[in-house]
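Peer 1: A structural model of the following input is requested.
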Amino acid sequence: RVNLRVRFGESVSEALTPLGVKNAGCDHANRDSVINVGFLSANETNESGFRFIYVELLDDDMTVTLKAVQAILIYRDLDYRGSFECSDPEINRIWQTAVYTAHLNMQEYLWDGVKRDRLVWIGDMQTEVMTILSVFGAQDVVTRSMDLVRDETPIGTWMNGISSYSIWWLLLQHDWYMYTGDRDYLGEQRGYMTELLRLLCTYVGEDGSEQLPESRFIDWPNNANEEAKHAGLQSMLVLGLGRGAELMRVLGDDELAQRCDDVSARLMKHVPPCGGSKQAASLMVCAGLGDAKQINRELLSVGGAHGYSTFLGYYTLRAVALAGDYDGALNSMKQYWGGMLDMGATTFWERWNSLLPDGHLSGTGMNSLNHYAYGSVCEALVSRIAGLMPESPGWDMARIQPHPGAALHRLDMAFESPRGRFEIGWRVGRDAAFTVSGCVPQGGRARGILPGGTAYQDISGDFRFRCAPLPALVHPFGSDTPLADI
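Peer 2: As a prediction, the model looks like this:
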């Protein structure tokens, strides 16, 4: 028998790096182990996420012959029910990579990463669930993960040990209900949700400022920025109590819903500075605590994607879109998410600079080349660019409001809702005329708002609308324009 060292790596350099060197470790999944193998034996290693593997014979004066080394992919066999394709190939690659990143992390629970962070982080999970709903529909891995964290967190403690993460759970419950219309599942959350909302209402001062306890956290880049943390948590409490009030009314508790509304109104009177943080400013825009156009002009659009971070990148894209800067959102998407693809990413990373230009992993202990939080970009493309979102639970009523800008002149997407399949396709002609067509499923309805402001009510079945040429949509064709787009 002989001893073999088996070391996994998401990069060549990681596979070659021993434990303890440059933060190399075995957190969450063993990536460096010794196995004892015998003659004519078949041996399995532990599970991990990897792209490369290093195998070393450790015994002196011994020889080993390998007949085969096989990699096994463990994943859910799911249909890709939603689709997205536009005139920009890089945006298409971003969509495909985001979907694949999410798919790999849909294991027993919804993990943070297939190698590092094989845990359910409920805050990071919130934006990724929107991608899952957009592409795979309602999957039990989502509800199992939400319920796991709920059951592990008695009221009076905080999900994942972070006060804001309990608010993310509330936002997840609202998103899930809006997309699925599952009243029974919502009813199962009533007891916990009621106690949590009552508790959150006690963390607001008389002046309207949030007073959430430790651990106070919005994301890692802002962990030492107290102004940013306060502004971000102020915004999250506004969002959480607002969404909570909506859900309480669905569940018939009008008294608690009104209390949440009253406390939220008090929160709105306190508008703190964002500490120069794009993430905090973005959350303020989404919560209605700041003017979207002004914040985008003075902060979010400055430097493009510089200053974006982790799962809050989605909220920055959303805030930029709320400012009407859809081209800016797409350009930042290509800089930030596309930048990883330019470096060779096959799934999105834990941080935008996880891999250095020379191919080595960057020197940080929190690093992986597969992390689902960045996959949230899919929902931004569906709701903010294609312009499809629910206006009532379960998609009984939807809104179709495309936002082409000058960056795209063709887009086709499909979405499988509980009501059936939505299809949307739009084109910008050489004369800047805009045409949108598609299908609203039987039993569902939609209202449409075209770029010029023309509105259509009660759309059902097949539809096709056209608006007059708009100068803002002029898209110059060039020598690199595909023939199909001309």
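Peer 1: wait, what's in contact with R183?
Peer 2: 177, 250, 393 (C-beta atoms under 8 Å, 6 or more residues apart in numbering). (Each C-beta comes from the backbone N, C-alpha and C, glycine too.)
Peer 1: hang on, P393 packs against D175?
Peer 2: No. When contacts are counted by C-beta atoms under 8 Å, P393 is not listed as touching D175 (10.8 Å).
Peer 1: ok, the residue most central in space within the chain - contacts?
Peer 2: For the chain, the residue nearest the mean C-alpha position is S376 (2.1 Å; C-alpha atoms, centre = their mean). S376 makes contact with 98, 127-128, 130-131, 311, 313-314 under the criterion C-beta under 8 Å, 6+ apart.
Peer 1: Return the member of those nearest to M389.
Peer 2: Among the contacts of S376, M130 lies closest to M389 (C-beta to C-beta), at 10.3 Å.
Peer 1: So the closest one is in contact with R384, correct?
Peer 2: No. Taking contacts as C-beta under 8 Å, M130 lies outside contact range of R384: 11.3 Å.
Peer 1: give me the low-pLDDT residue ranges for this protein?
Peer 2: 363-365, 374-375, 474-486 (pLDDT under 70).
Peer 1: In it, what residue spans correspond to helices?
Peer 2: 12-15, 89-104, 122-135, 140-151, 163-180, 183-188, 190-201, 226-250, 254-267, 278-287, 292-295, 313-322, 326-342, 377-380 (DSSP state H).
Peer 1: residues contacting the closest residue to R93 other than its chain neighbours?
Peer 2: Ranked by C-beta to C-beta, 6 or more residues apart in numbering and with sequence neighbours excluded, the top spatial neighbour of R93 is L341, at 5.7 Å. Contact analysis of L341 by C-beta under 8 Å, 6+ apart lists 90, 93-94, 97.
Peer 1: a markdown table for the residues you listed, including neighbour count?
Peer 2: Conversion of the contacts of L341 to a markdown table gives the following (neighbours: other C-beta atoms under 10 Å):
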| residue | neighbour count |
| --- | --- |
| E90 | 15 |
| R93 | 15 |
| I94 | 26 |
| T97 | 22 |
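Peer 1: between the residues you listed, which is nearest V55?
Peer 2: Once C-beta to C-beta is applied, the member of the contacts of L341 that ends up nearest V55 is T97, at 28.9 Å.
Peer 1: Burial check on E56, number of neighbours?
Peer 2: 10 (other C-beta atoms under 10 Å).
Peer 1: Return the residues in contact with it.
Peer 2: Counting by C-beta under 8 Å, 6+ apart, E56 has contacts 4-5, 7.
Peer 1: Please report the separation between the first and final residues of stretch 441-450.
Peer 2: Stretch 441-450 has an end-to-end distance of 20 Å (C-alpha to C-alpha, to the nearest Å).
Peer 1: ok, now how distant is L119 from E195?
Peer 2: 24 Å (C-beta to C-beta, to the nearest Å).
Peer 1: Other residues contacting stretch 155-170?
Peer 2: Residues contacting stretch 155-170 (C-beta under 8 Å, 6+ apart): 121-123, 125-126, 146, 149-150, 153, 192-193, 195-197, 199-200, 203, 212-218, 232-233, 236-237, 239-240, 243-244, 247.
Peer 1: scratch that, stretch 268-277
Peer 2: Residues contacting stretch 268-277 (C-beta under 8 Å, 6+ apart): 207-210, 221-222, 225-232, 234, 238, 280-281, 284, 288-290, 295, 299, 307.
Peer 1: Show the buried residues in those residues.
Peer 2: 208-210, 221-222, 225, 228-232, 234, 238, 280-281, 284, 289-290, 295, 299, 307 (16 or more other C-beta atoms under 10 Å).
Peer 1: what about L66, how many neighbours?
Peer 2: With other C-beta under 10 Å as criterion, L66 counts 9.
Peer 1: about what we covered before: most neighbours of all the contacts of E56, which one?
Peer 2: R7 (23 neighbours).
Peer 1: Is that one in contact with I53, as I believe?
Peer 2: Yes. Counting by C-beta under 8 Å, R7 does reach I53; the two are 7.1 Å apart.
Peer 1: Okay, buried residues for stretch 316-335 please.
Peer 2: Under 16+ other C-beta under 10 Å, the buried positions of stretch 316-335 are 316-323, 325-335.
Peer 1: Would you map the strands across the stretch 301-450 of the chain?
Peer 2: 388-390, 397-400, 410-417, 420-428, 434-440, 445-449 (DSSP state E, counting those that start in this stretch).
Peer 1: would you list those strands in a markdown table and tack on distance to W111 and mean neighbour count?
Peer 2: Output for those, formatted as a markdown table (distance: least, C-beta to C-beta, whole Å; neighbours: other C-beta atoms under 10 Å):
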| stretch | distance to W111 | mean neighbour count |
| --- | --- | --- |
| strand 388-390 | 27 | 22 |
| strand 397-400 | 31 | 19 |
| strand 410-417 | 24 | 22 |
| strand 420-428 | 29 | 20 |
| strand 434-440 | 35 | 20 |
| strand 445-449 | 35 | 19 |
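Peer 1: closest to V135 out of those?
Peer 2: Nearest to V135 among the strands of the stretch 301-450 of the chain is strand 410-417 (8.7 Å), distances taken as C-beta to C-beta.
Peer 1: More neighbours: which of L119 and E195?
Peer 2: The neighbour count for L119 versus E195, taken as other C-beta under 10 Å, is higher for L119 (17 against 13).
Peer 1: Tell me how far the more buried one lies from E152.
Peer 2: 11 Å.
Peer 1: do S83 as well
Peer 2: 36 Å.
Peer 1: of those two, who's got more company?
Peer 2: Set S83 next to E152 and count neighbours by other C-beta under 10 Å: S83 wins out with 15 against 11.
Peer 1: And stretch 82-98, what's buried?
Peer 2: Buried residues in stretch 82-98 (16+ other C-beta under 10 Å): 82, 84-88, 91, 94-95, 97-98.
Peer 1: what's the answer for stretch 96-110, then?
Peer 2: 97-106, 109-110.
Peer 1: what does stretch 343-358 give?
Peer 2: 343, 345, 347-352, 354-355.
Peer 1: What are the contacting residues of stretch 327-336?
Peer 2: Taking C-beta under 8 Å, 6+ apart as the rule, stretch 327-336 contacts 88, 90-91, 94, 296, 300-301, 304-305, 308, 313, 316-317, 320-321, 352, 377, 380, 384-385, 405-408.
Peer 1: likewise stretch 14-28?
Peer 2: Around stretch 14-28, the neighbours that count as contacts under C-beta under 8 Å, 6+ apart are 7-9, 31-33, 50, 52-54, 113, 115-119, 361, 363-365, 367.
Peer 1: hmm, back to that, in PyMOL, how would I select just the buried ones from the contacts of stretch 155-170?
Peer 2: For the buried members of the contacts of stretch 155-170, the matching PyMOL selection, counting by 16+ other C-beta under 10 Å, is:
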select buried, resi 121+122+123+125+126+146+149+150+153+192+193+196+197+200+212+216+217+218+232+233+236+237+239+240+243+244+247
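Peer 1: Report how far apart the opening and closing residues of stretch 72-83 are.
Peer 2: Note: stretch 72-83 ends 27 Å apart using C-alpha to C-alpha.
Peer 1: ok, now stretch 77-86?
Peer 2: Its first and final residues considered, stretch 77-86 spans 26 Å by C-alpha to C-alpha.
Peer 1: before we move on, what about stretch 314-331?
Peer 2: 14 Å.
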